[in-house]
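Student: just the structure for this:
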Amino acid sequence: MAQYRYSVPRFRQTLITAAAMTAGLAGLVWMLLTGLRDPDAGLWALASGSVFFAFVSVSMLWRYYRNGVVLAVQPAGLYDARVSEVPVSWEDIRDIVLRQAEDAFRLEVYLWKRQEAATAVPDFSIDLDSLNAGAGEIVDDIAAHSKIRNEAGVALGHALQ
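Tutor: Residues are numbered from 1 along each chain as shown. Predicted coordinates:
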């Protein structure tokens, strides 16, 4: 059984991005309110930045500090903590598709629909770049249990970077 957690370097990069966006928003609020001659512009900018950062980052910080398993490839199925509390059995998975957007890889998982027609929209996606292992290692582990359709146009397995 393979288990994956969030990547520490990717978490730091996302946190820096969130902090920069927060500073940008707070600066914009400060400039707007200063232009309107509000004497409490700094206070409002600080409050709006704090609220924005809280909404953007609280769940991310919670997941990181909890350090729980995000993705697990088990003999019984595929477990993704962001989707369900129980693994999705391999028999319930209709198709897994590897896609690439620039340098980022993701797996789109399509499930068999019991009473519904199968859709072109994936039931859930797995962002491989946010995890603590390389995309190739994760693809290899999943490919041992289920066929993966490669629409990324790259060699499957450890050749993925």
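Student: lowest average confidence, helix or strand, in the protein?
Tutor: One helix or strand of the chain scores below all others by mean pLDDT, DSSP states H and E: helix 41-66, with a mean of 88.
Student: packing partners of that helix?
Tutor: helix 8-35 (3 or more CB pairs under 8 Å, 6 or more residues apart in numbering; DSSP states H and E). Every C-beta, even on glycine, is put in place using the N, C-alpha and C of the backbone.
Student: so for the helix it packs on, mean pLDDT?
Tutor: Mean per-residue pLDDT for helix 8-35: 93.
Student: and that helix, what does it pack onto?
Tutor: Against helix 8-35 (3+ CB pairs under 8 Å, 6+ apart) you get helix 41-66.
Student: report the separation between the most centrally placed residue in the chain and Leu25.
Tutor: Ranked by distance to the mean C-alpha position of the chain (CA atoms, centre = their mean), the top residue is Asp127 at 4.9 Å. As judged by CB to CB, to the nearest Å, Asp127 and Leu25 stand 25 Å apart.
Student: element containing the residue in the chain sticking out farthest from the centre, please.
Tutor: For the chain, the C-alpha farthest from the mean C-alpha position belongs to Arg37; by CA atoms, centre = their mean, that distance is 41.3 Å. Using DSSP states H and E, Arg37 sits in no helix or strand.
Student: show residues contacting stretch 70-82.
Tutor: Stretch 70-82 is contacted by residues 1-6, 63, 68-69, 86-90, 92-93, 109, 124, 126, 130-131, 138, 141-142, 144-146 when judged by CB atoms under 8 Å, 6 or more residues apart in numbering.
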